[in-house]
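Participant: Here is a sequence with its predicted model. Questions after.
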Amino acid sequence: MNKVLIVVIAIIVIVAVFMVAKQFQGVKFGSLGSLFKVNYNVPSGLSNEPAKTNITYSTGNNPPAAVAPKPQPTPPAGFTVAELSPYYGEIKIGSVSPASTWNTVAQFSLSANYSGLKTPIDVTGWHLRSNKGDVVIPTAVADYTPGGFGYSGDITLDPGQVLNVYSSVSPIAKNLRMNQCIGYLNDTYTFTPALPQNCASVYDRSEISTFSGACQSYILSLWSCSAPSIGQINNFSSEPACQALLNNRFNYTTCYDRHRFDSGFFTNEWRAWIGGAVNFDPSHDRLLLLDKEGLLVDEYTY
């Protein structure tokens, strides 16, 4: 009887196992790891602590750290944050000089912030708006070559660069980026104000060491960017070498050819002459610098 009972129980167990296995037929347990990878660390030896589970994301990346929102700038009176340019605080209105009875040329400057500016900013087409009028920032020649050639393009300000804008007229009908030879143009053209007089040398000291003392003294006395007059050159007609150097070296072409590829040849200043009225109030005014979208870049009051 006991043997029969044992056989019956065995048959029941086998049938139960068969039925359970049939219900899970076709299930792929490996697919459960498609979203998570689960590693079970089984502790060595006997322990009452549960097995530790390490879960990593299927992409292999941890969740991104929270990024603090960028602080919003405080807009000036009459403006909202939505009306501020992406360049707000990066380009500033610098010096401002309204026209007056003793100063017929009005002037203002734009400067690029040293610390805030990451890339050059194109300011051509921006507006400087006063209570009485509006000025549009023009194009300029970045590399003025001898002979007056040079393509006028947009003015882009790098960190630390300055654009000076004048109400006077450019005698060459071009706006310019300054360089270490540009002052020689003052000998041929009348700029208002005059171009910077900080030209690079157009000769080496060793070149003139064999000239007469009088010739050397005269060459050394010449101001930077100054060209000798015909009369001064003729004073040294008895010294052909001295006369040739005076006649051929002190000009924009020679200076440009000698120094065009020097480090620092181009300076941080641009100049533009708009040849028209800059309608700033001579007493007090509010100036608004607006980008091409009409958004506020800077405000200046005086």
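Facilitator: Yep, that arrived.
Participant: and C242, which of the three is it?
Facilitator: helix (DSSP: H, G, I helix; E, B strand; the rest coil).
Participant: Quickly note the distance from the spatially closest residue to E207 that is not a sequence neighbour to T139.
Facilitator: Using CB to CB, 6 or more residues apart in numbering and skipping residues adjacent in sequence, the residue nearest E207 is L245, 7.1 Å away. (Glycine included, C-beta is placed from N, CA and C.) Using CB to CB, to the nearest Å, we find L245 at a distance of 38 Å from T139.
Participant: out of these two, which sits in the busier spot?
Facilitator: L245 (21 against 15; other CB atoms under 10 Å).
Participant: re the thing from before, so who does the residue nearest to E207 touch?
Facilitator: For L245, the contact set (CB atoms under 8 Å, 6 or more residues apart in numbering) comprises 203, 207-208, 211, 219.
Participant: hmm, which two among these are most spread apart?
Facilitator: Y203 and F211 (10.5 Å; CB to CB).
Participant: which of those two has more neighbours?
Facilitator: More crowded of Y203 and F211, by other CB under 10 Å: F211, with 19 against 14.
Participant: Next, the contact list for the nearest residue to that one once chain neighbours are set aside, please.
Facilitator: Setting aside the residues directly before and after it, F211 is nearest to C242 in space (CB to CB, 6+ apart), at 4.7 Å. C242 makes contact with 208, 211-212, 215, 219, 236 under the criterion CB under 8 Å, 6+ apart.
Participant: pLDDT score for the residue nearest the centre of the chain?
Facilitator: In the chain, the C-alpha closest to the average C-alpha coordinate belongs to P120, at a distance of 2.0 Å (CA atoms, centre = their mean). The model reports P120 with a pLDDT of 92.
Participant: just for the stretch 1-150 of the chain, where's the confidence low?
Facilitator: Along the stretch 1-150 of the chain, segments meeting pLDDT under 70 span 1-70, 115-117.
Participant: where do the strands sit along it?
Facilitator: For the stretch 1-150 of the chain, the strands defined by DSSP state E, counting those that start in this stretch occupy 36-41, 52-57, 91-97, 107-112, 121-122, 127-129, 134-136, 140-141.
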